[in-house]
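Colleague: make a model of this:
(chains A and B)
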Amino acid sequence: MAETQTQALWWASESFWRKMAIWVTAGSFVVLIFLTFDTVKQITAGTKRVPAYSAINNRIDYVFDAGRNFQVPVIGVEEPLFGKKLTEAEAEAMVSHGKLTTQAKNCMGCHTLLGNGAYFAPDLTKAWLDPAWGSKDAREQAMVDFLMHPELAAHNALGRRMPNLGITEDEARATVAFLKWMSSIDTNGFPANFKPIDQADAAAVAAPVAEPAAPAADLAASADVSSTPAQQ
Amino acid sequence: MAALGMLTSANLNGGQKLAVKYFTVAIALFGAQVLFGMLAGIQYLKPDFLFGILDFSVNRMLHVNAMVVWLLFGFIGSVYWMLEDESGIPVVGLGLGNLIFWIFTLAVVVVVVVYLLVQVGPGEQSSIWLINEGREYIEAPRWADIGIVVCVLAFFYNVAATFAKGKFTNIGGVLVMDLIALAGLYLAGMYYTPNISMDQHWWWWVIHLWVEATWEVLVGCLMAYGLIKTMGVRRKIVETWLYIEVALMFGSGILGLGHHYFWIGTPEYWFTIGGFFSALEPIPLVAMVVHAVFDAGHHKLKSSNNPALGGFMHTLPQINLYTHGTQWTASHGHLAFFGAYATMVIAFFYMAIQKWRGDVWMGANLVGAWKWKWAIFMLHAGMITMVMAMLVSGYEQSQIERAIGGSTWMAYFAGQEHRWFMQGMFWRQIGGWMFSIGFVLLVWDMITIGKRETRAAYVLPTETVTA
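Modeller: Numbers count the residues shown, from 1 in each chain, chains lettered A, B, ... in the order given. Model (predicted):
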């Protein structure tokens, strides 16, 4: 009994824990490597979870999936961005230009993308589908205009504004392409309970564009000091 | 030896002379972190403050980057500090280590100046190579990434070669292995892809596996050395604990990476893996706290805060769906970084100053002891105030923006404009002022502590006595 005072028990000994440390670390790392191979395969662009860049040629929606019990992106009918259908290579180049723009302007310094970044401005994961843009027809141009002159728009009663980052028209259009493509990524239902912009086909309705678009465009451009009471 | 209480580099060995250079830059960057955090905090309350001149994105980037770099400088300095003591021989390749220090520091200065004056660039590759990579925490442009890897490799050479030539202790062994992982993981963050899911997948390898695995083990090594040095704890006990910590940290931390893979496009099996393993992550931290309880009353090694409490629930997917990307995260981040890392590095600063002044007395009844006591109080009180305030805002944000509002932009601003959110931001700023005062006191204390002290340091009983 007296010996146990100086000689550590096997489960409390240094050599036991050294072996444990090595085996646990190596084991975890091997499991991680296997999972990484599978994950990388599943998040390569052009797969089910992360669609091809040419998804920007189509309507992208975010609808509830009863089987998975959360909202999932759905790639719908053809609806080319800025009215121009792109090849896969052209689409990739445009999305990439947009992604580079988001990096060069450090969007993550204020916004979150896929929920990661800073919390001074809204999450951009579903920015393409946000009802704040008003109507789906006015959306593309509204986004470009906003990105080029964000400092002119008051979004909120707080007076928080986005600064002018010198975004050119090309960069703004590419950024919109990147945002549209990002909204097609299957994010396991993040954000939850999201209410996307109405994208139902307006084709059947022959109403003049100007009339319903006017208040909606106004909402998009300066959305919106007056929105606060409506929210509460 | 020079007079007791004087700052004299003759009191230090070669590695320690280099260490105090790293510590000096680390403290300056700590100050920058506090300053830019304050500016960003003010912008929550007064959005027009510095609008278009030094925008929130710039301040926030400098705030988090300064943190990463000052802790890194603190860690590197701490390792140089203990290296000769631990290995029993002078640092191998110290000249290279010195050269690298100046290159590293110069590179940091250039990066910061570009952040401040250039800020953003066109949407081209040249911008991410020269100005800003736009990826949270590792915004540093690509040229600087390459520079960091070169610097870390030179540092690694110093450490590995010194231990290999001298005494390779268990602490040394763990440290060398950990540094290999630290340098290797950084490479995962150094590439461009248009695919943001892929981008964030590898980005987390750097962010998570640094902060929640390799940094933890590095701090474990430093703490092990610190306990032997300042408390005279038996080496055998400390090293056994270190292995236990490595097993727990890597065992939970490596697969705990999965808790960042819930919402970025990655497959659903990460819910189970990430939720389970990251829920285990508090265990090693609690173990470290148990470890640190021994230090109570000994100001040179302040006890680690427990960053785990808020983090625990936050990592379960069912909850994270509503907290991901909110002030919850900011709250957790502040407490975790401060508790786990900042306090450890500050402890090393004090150990360094003591030796630098010729091993002066730094125990009870110290002249001017009110400064460090108030510094610690203000830093901790300020941190707790900030964290609690952000937590209140985070609760409100999850409820209004996420649960009720459905996460649209309107819902976001409804959450931000809410009185409770803004009250949280206000109190966060108060906490920031308290922390700033604590920082000023800390620096003042570090400059003056032991200055007029004439007593020599308390000599710890040697191992044979305690055994």
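Colleague: distance of the residue of chain A found nearest chain B from residue B:340?
Modeller: Closest approach between chain A and chain B, counting by C-beta to the nearest C-beta: residue A:109, at 2.7 Å. C-beta here means a position set from N, CA and C on the backbone, and glycine is covered the same way. Relative to residue B:340, residue A:109 is positioned 24 Å away (C-beta to C-beta, to the nearest Å).
Colleague: surely residue B:227 touches residue B:233?
Modeller: Yes - using C-beta atoms under 8 Å, residue B:227 is in contact with residue B:233, at 4.5 Å.
Colleague: thinking again about what came up before, local confidence estimate at the nearest residue to the residue of chain A closest to chain B once chain neighbours are set aside?
Modeller: Spatial nearest neighbour of residue A:109, chain neighbours left out: residue B:57 (2.7 Å); criterion: C-beta to C-beta, 6 or more residues apart in numbering or on different chains. Looking at residue B:57, its pLDDT reads 96.
Colleague: out of residue A:109 and residue B:340, which sits in the busier spot?
Modeller: residue A:109 (27 against 22; other C-beta atoms under 10 Å in any protein chain shown).
Colleague: which residues does the more buried one contact?
Modeller: By C-beta atoms under 8 Å, 6 or more residues apart in numbering or on different chains, the contact list for residue A:109 reads A:117-118, A:120, B:55-58, B:60-61, B:134, B:136, B:139.
Colleague: for these, give me TSV that also has distance to residue B:117 and secondary structure.
Modeller: Supplementary listing: the contacts of residue A:109 in TSV, determined by distance: C-beta to C-beta, whole Å; DSSP: H, G, I helix; E, B strand; the rest coil:
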residue	distance to residue B:117	secondary structure
A:117	23	strand
A:118	21	coil
A:120	22	coil
B:55	13	coil
B:56	17	helix
B:57	15	helix
B:58	10	helix
B:60	17	helix
B:61	13	helix
B:134	17	coil
B:136	21	coil
B:139	15	coil
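Colleague: now, among those residues, which is nearest to residue B:420?
Modeller: residue A:120 (17.7 Å; C-beta to C-beta).
Colleague: give me the mean pLDDT for whatever helix or strand residue B:197 lives in.
Modeller: If you go by DSSP states H and E, residue B:197 is part of helix B:196-209. Across helix B:196-209, pLDDT averages out at 95.
Colleague: repeat that for stretch B:212-229.
Modeller: Mean predicted lDDT for stretch B:212-229 stands at 85.
Colleague: part of a helix, is residue A:62?
Modeller: No - assessed with DSSP: H, G, I helix; E, B strand; the rest coil, residue A:62 is strand; it does not lie in a helix.
Colleague: tell me the contacts of it?
Modeller: Per C-beta under 8 Å, 6+ apart, neighbours of residue A:62: A:71-74, A:126, A:129, A:183, A:194, A:196.
Colleague: let's see 10 Å
Modeller: Residues near residue A:62 by C-beta atoms under 10 Å, 6 or more residues apart in numbering or on different chains: A:71-74, A:125-126, A:128-129, A:183-184, A:187, A:189, A:191, A:194-197, A:199.
Colleague: CA atoms only for stretch B:138-150 - export them in PDB, please.
Modeller: The C-alpha coordinates for stretch B:138-150 follow below in PDB (Å, rounded to 0.1, in the frame of the first residue of the first chain):
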ATOM      1  CA  ILE B 138      -7.300  35.400 -41.800                       C
ATOM      2  CA  GLU B 139      -7.800  38.600 -43.800                       C
ATOM      3  CA  ALA B 140      -4.100  39.100 -44.200                       C
ATOM      4  CA  PRO B 141      -3.200  39.200 -47.900                       C
ATOM      5  CA  ARG B 142      -1.600  36.200 -49.500                       C
ATOM      6  CA  TRP B 143       1.900  37.600 -49.500                       C
ATOM      7  CA  ALA B 144       1.700  37.900 -45.700                       C
ATOM      8  CA  ASP B 145       0.300  34.300 -45.500                       C
ATOM      9  CA  ILE B 146       3.500  33.100 -47.100                       C
ATOM     10  CA  GLY B 147       5.500  35.300 -44.900                       C
ATOM     11  CA  ILE B 148       3.800  33.900 -41.800                       C
ATOM     12  CA  VAL B 149       4.500  30.300 -42.800                       C
ATOM     13  CA  VAL B 150       8.200  31.100 -43.400                       C
END
